[in-house]
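# pasting the sequence and the predicted coordinates here, then a few questions.
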Amino acid sequence: MQFLILAACIALAVAETAYPAYPATSAAYDKPSYDYTPQPYSYSYAVKDEASYNDYSHSESSDGKVVTGSYSVALPDGRTQVVTYKADSYGYVADVKYIGEAKYPEYKPASYSPSYESPAYPTSDPTY
């Protein structure tokens, strides 16, 4: 008897109607095209902030096919690094130059001295 009830439940579960299969909807818009013609451009900027020691610049221009530019940055050792580059269909070619000579000051250890006087606590005799 239990077997018949179990078989009937399984048959009922299997015989349950499945949801109808609908076809996938097509997109309501055309596929985007990324065939933009290259546009010429040119820009440049420079930062010189003495308080934060920021000193760098960058300039770049393009005719739509070849990109040329340069940038420079002041290095911590006193030199200036100048990079001139060209990017075209053959790849990216950079020319790196350094202006000035690196300065490495000799290390001098600082003498230790406390930044404040140690407090003078009053002495007290133990009370037994």
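Perfect, thanks for sending it.
# all strands of the chain, in order?
Assigned by DSSP state E, the strands in the chain fall at 41-49, 54-62, 67-74, 80-88, 91-99.
# the second one: partners in the sheet, and parallel or antiparallel?
Going back to what we said before, that points to strand 54-62. Applying DSSP bridges, strand 54-62 is found paired with strand 41-49 (antiparallel), strand 67-74 (antiparallel).
# ranking those strands by burial, who's on top?
strand 67-74 (a mean of 17; mean count of other CB atoms under 10 Å). Using the backbone N, CA and C atoms, a C-beta is placed for each residue, glycine as well.
# list the contacts of it.
53, 55-62, 80-88 (CB atoms under 8 Å, 6 or more residues apart in numbering).
# sorry, back to before: in a markdown table: the strands paired with strand 54-62, plus mean pLDDT and distance to Ser124.
As requested, these are exported to a markdown table (pLDDT from 0 to 100; distance: least, CB to CB, whole Å):
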| stretch | mean pLDDT | distance to Ser124 |
| --- | --- | --- |
| strand 41-49 | 95 | 57 |
| strand 67-74 | 96 | 60 |
